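>>> next comes the sequence, and after it the predicted model I'd like to discuss.
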Amino acid sequence: METDPILALAPMQDVTNLPFMQVIQQYGGPDYYVTEYFRVHADYSLEQKILSSITKNETGRPVYAQLIGQDIEALVRVATELQAYPIAGIDLNLGCPAPVVCRKDAGGGLLRKREQMEHIIASLRDAISGKFTVKTRIGYESHDEFPDLLEIFKRHDIDTLTIHGRTVTERYQTPIHPECIRLAAEQMKCPVIANGNVVDVDTGLGAIRKTKAHGLMIGRGAIRNPWIFDQLRASFSGQTPRTIVRADLLGYIDQLYHAIAAHAHDFDPSKHVNRMKKYMLYIVQGIDDAFEHRIRRVTTPEGFHQTCRDFLDNKEPLPSRPPEKSKLFCGFDALR
């Protein structure tokens, strides 16, 4: 019997934290979560803020702990420590495109250091008794690098390979390269998860069709639309996905606002409004330019909530996808 594609929430630093996980689970949620990355170095100790996504997680879904770094001994030490916690497995980040990370030969920067990358993968595999997964991009500068990277992944007993279908230098500004993910899905013995540019049901179905992946990992699209996982499940089973209206989004924003506030160590109203803007920059895409304009400039909780009510307190259906050429969403029409 064929099973539905696996659905996962993509980790995004300082965004997909414990309160976000708890809120998005109320809208259906993914099949599993991955923590923000533990930024590992020689004298690193586990960050309690990220660790709480494991120890205080009440979603009922598996949680993988993600590591980023290039110090092999430190990575093995931290992976060993994390196995004492209730994790589903440990994930290695080979995809972060942030320049500050890549300059340290970590995240996507490791794709330029293949011998070191392979040594890290082998060392972590030896140290991890449970599941070991990898999240990668398809190359540093060119997708032509991917066949050689794939050969490295094939040599090791990886439990799941998640592939963001862009290079590091492409960041988020291009369509993905589905042929690379499809090549991995055809050759890897483990499940391959497609990541990048899934913003609604159509692009999710298109990604599965074009990559032949075993599932999808969704990040920015899930921040904008937390119903996307249940909408995809409905589509997989032949049902009509639920239509989301503006008032639904207003309720989601309110839940997110209060959940994140409850987890703040030192709550400051103006700082909290700025913290919410990290999420709102994704949420407002495709609604109203005036909404985005006002959200960017609001400074008080009262102004924040009033702005949201002004634009969202009605039953108008939300657009299913953001603008195709926005700064945060780009190139996804190629998946439809």
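Sure thing, it's come through. Note that the structure is predicted; figures quoted are calculated from it, not measured.

>>> show me which residues of the strand or helix carrying Gly251 are buried.
For Gly251, the host element (DSSP states H and E) is helix 246-262. By neighbour count on 16 or more other CB atoms under 10 Å, the buried set for helix 246-262 is 246, 248-250, 252-253, 255-257, 259-260. Glycine gets a C-beta too; all of them are placed from N, C-alpha and C.

>>> run the chain-centre distance for stretch 182-193.
Here stretch 182-193 is found 19 Å from its chain centre; the criterion is CA atoms, centre = their mean, to the nearest Å.

>>> contacts for that stretch, please.
The contact list for stretch 182-193, computed with CB atoms under 8 Å, 6 or more residues apart in numbering, reads 6, 8, 146-147, 150, 153-154, 158-163, 181, 210-217.

>>> could you do stretch 223-239 as well?
Here stretch 223-239 has contacts from 4-5, 7, 12, 15, 20, 23-24, 27-30, 198-201, 204-205, 216, 218, 221-222, 240-242, 244, 248, 252, 279, 282-283, 285-286, 318, 320, 322, using CB under 8 Å, 6+ apart.

>>> from one end of that stretch to the other, what's the distance?
The first residue of stretch 223-239 is 23 Å away from its last residue (CA to CA, to the nearest Å).

>>> mind checking how far that stretch is from the chain centre?
Centre-to-centre, stretch 223-239 and its host chain are 16 Å apart (CA atoms, centre = their mean).

>>> related to what we said a few turns ago, relative to Glu118, which of the buried residues of helix 246-262 is nearest.
Ile260 (38.9 Å; CB to CB).

>>> what sits against that closest one?
17, 19-20, 272, 275-276 are the contacts of Ile260 under CB under 8 Å, 6+ apart.

>>> out of these, which end up buried?
For the contacts of Ile260, a burial check counting by 16+ other CB under 10 Å picks out 17, 19-20, 272, 275-276.

>>> restricted to helices, list those residues.
Per DSSP state H, helices hold the following members of the buried ones among the contacts of Ile260: 19-20, 272, 275-276.

>>> which one among those residues gets closest to Ile295?
Distance to Ile295, by CB to CB, is smallest for Met276 among those, at 8.7 Å.

>>> can you tell me the closest non-neighbouring residue to the closest one?
Nearest residue to Met276 in three dimensions, chain neighbours excluded: Tyr257, at 5.9 Å (CB to CB, 6 or more residues apart in numbering).

>>> so who does the one you found touch?
272, 276, 304-305.

>>> now do it against Thr300, distance only.
13 Å (CB to CB, to the nearest Å).

>>> go on, Val23?
Note on Val23: its distance to Thr300, by CB to CB, is 22 Å.

>>> looking at the two now, which is surrounded by more residues?
Val23 (21 against 11; other CB atoms under 10 Å).

>>> the more buried one contacts Leu256, doesn't it?
Yes: in this structure, Val23 is within contact of Leu256 by CB atoms under 8 Å, at 5.2 Å.

>>> show me where the stretch 1-150 of the chain has helices.
18-25, 48-55, 72-82, 99-102, 114-127, 146-154 (DSSP state H, counting those that start in this stretch).

>>> mean neighbour count, these: which tops it?
helix 18-25 (a mean of 22; mean count of other CB atoms under 10 Å).
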